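**Q** Requesting a structural model of the entry that follows:
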Amino acid sequence: MKLKSFFAGSVEAALGLAREELGADAILVNSRQAPPEAKHLGAYEVVAAWMPGEARPAGPAAEPSRAPGEGQSRGQALPAGAEESLCREVAGLRRQMDRMRRAVWHSGLSRGQAVALAGAGADVLPSLLEADIDPPLAHEIAACVQARMAGDPLLGNGSTPLDAAEPSEQLRSALRAELGRRFSVDPALGSAGVGPRVVALVGPPGAGKTTTLAKLAVARGLPSRRPIVLLSMDTFRIASIEPLRTYAAILGVGFQAVATGLALQQALQEHRHKDLILIDSPGFGPRDMEAASELATALGAHPKVDVHLVLAATTKSADLTSVVDRFEIFRPSKLLFTHVDETGSFGPAFSEAARTAKPISFLATGQQVPEDLQEAATGQVIDLILERMSN
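**A** Okay, the predicted model is just below:
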């Protein structure tokens, strides 16, 4: 599969460029705001893919001498090495990509119908913003929904023919398809292979890491009837390890407190025959990141550790972005959202999953252990977003 980026002042214009050059056999891989180094090419980037063996229509040649501000947007081939990086970035979206149809403009769709359907798609934007989805992302989603509703061959229109469903059903289908393309889910714990599955939960204070760890121990550890152990690195505060020690005693599983990176290394070696090792960590605030970097280094020394960033879904958008960026030193592979039952808007959480391209692993919806922990599912996350939009 080959990839090519198209830049323009809007998502619609970039989609038009891709459609003109690559034709109906191309599929949409991603659409987003252009990265800083490519802003001079256009405000938005659309990445399209096609199979090397497929014929590509000759598209309009790029005009390097023309400035982007003069109304001409340009397609830009990916530089060497960027194709592989982009493939990794959208790996979580492959399942959705496989379901996207390579459709052409429906022959029975009149211009009047297309205009009406596109207008219905445009009405989505206020609802997306009301759901607290990040404004640039909301504009991108609305533009792609509008293109889907108008029968854009690059996007396809789902499995239902345009003339076989009511416009409201088409709009909902297009919106769900576009929302689902923006994030991924992965409730797996640890790395497959020889040795124990090792999982660490990191995050800010009050996110619910310890309770979530206990839920994971019950839901994923005990049913396997294989030995598990809980490790606590939350030794900075007085009696901070006691809740997890209590959980371990109730569950009848092993527990150990580890205060340093060396102690963690020794503990992992000691418990190498366990099936599952769950690691709790302190809640690090903005002023605690020096101590956090030491723990991040210790966890990073063990490549098998599966790090989940635990975030409260009640956190407002700007603060959530700040927290996610701050905890990037731990190189988390997944996002785990707690307090889902306490928020009326899942938009900020969804926006972060889309922005970082990190899959959502679990959703915590209350304090009960383990009932209030659910494996993240694509349809469930979309329902959480649409629930606010329908209110």
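
**Q** my read is residue 125 is in a helix, agree?
**A** Yes - counting by DSSP: H, G, I helix; E, B strand; the rest coil, residue 125 is located in a helix.

**Q** Which parts of the chain are helices?
**A** Assigned by DSSP state H, the chain shows helices spanning 11-22, 82-89, 94-99, 111-122, 124-130, 135-149, 167-180, 209-216, 242-251, 261-270, 289-300, 317-326, 347-356, 378-390.

**Q** residues near residue 346, how many?
**A** As a burial measure, residue 346 scores 24 neighbours (other CB atoms under 10 Å). (Glycine included, C-beta is placed from N, CA and C.)

**Q** residues touching the nearest residue to it once chain neighbours are set aside, list them.
**A** Excluding the flanking residues, the one nearest residue 346 by CB to CB, 6 or more residues apart in numbering is residue 384, at 4.0 Å. Contact analysis of residue 384 by CB atoms under 8 Å, 6 or more residues apart in numbering lists 340, 346, 350.

**Q** give me that answer again for 10 Å
**A** Listed by CB atoms under 10 Å, 6 or more residues apart in numbering, the contact partners of residue 384 are 131, 313, 337, 340, 343, 345, 346, 347, 349, 350, 363.

**Q** Distance of it relative to residue 261?
**A** Noted for residue 384: a distance of 37 Å to residue 261, by CB to CB, to the nearest Å.

**Q** Where does pLDDT dip in this protein?
**A** Scanning the chain for pLDDT under 70 picks out the ranges 1, 24-26, 51-122, 151-167, 192-194, 223-225, 236-239, 388-391.

**Q** Now do the domain split for it, please.
**A** 1-91, 100-182, 197-390 (automatic domain parsing).

**Q** How far away from the center of its chain is stretch 16-35?
**A** Centre-to-centre, stretch 16-35 and its host chain are 21 Å apart (CA atoms, centre = their mean, to the nearest Å).

**Q** Can you give me the end-to-end span of that stretch?
**A** Distance across stretch 16-35, first residue to last, is 20 Å (CA to CA, to the nearest Å).

**Q** Could you pull out the buried residues of it?
**A** For stretch 16-35, burial by neighbour count (16 or more other CB atoms under 10 Å) applies to 16-19, 21-23, 25-34.

**Q** just stretch 319-332 next, same as before
**A** 320, 321, 323, 324, 326, 327, 329, 330, 332.

**Q** Return the member of the residues you listed nearest to residue 275.
**A** Among those, residue 332 lies closest to residue 275 (CB to CB), at 22.4 Å.

**Q** I figured the closest one hits residue 325, correct?
**A** No - with contact defined as CB atoms under 10 Å, residue 332 does not reach residue 325; the gap is 11.5 Å.

**Q** Give me the common contacts of the two.
**A** If you check residue 332 and residue 325 against CB under 10 Å, 6+ apart, the residues they both contact are residue 356.

**Q** still on that earlier bit, can you put the domains of the chain in TSV and add distance to residue 191?
**A** Listed next are those as TSV, based on distance: least, CB to CB, whole Å:
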stretch	distance to residue 191
domain 1-91	16
domain 100-182	26
domain 197-390	5
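
**Q** Of those domains, which is nearest residue 188?
**A** Counting by CB to CB, and looking across all of the domains of the chain, nearest comes domain 197-390 at 7.7 Å.

**Q** ok now the closest one, how far from the chain's centre?
**A** Distance of domain 197-390 from its chain centroid, counting by CA atoms, centre = their mean, is 16 Å.
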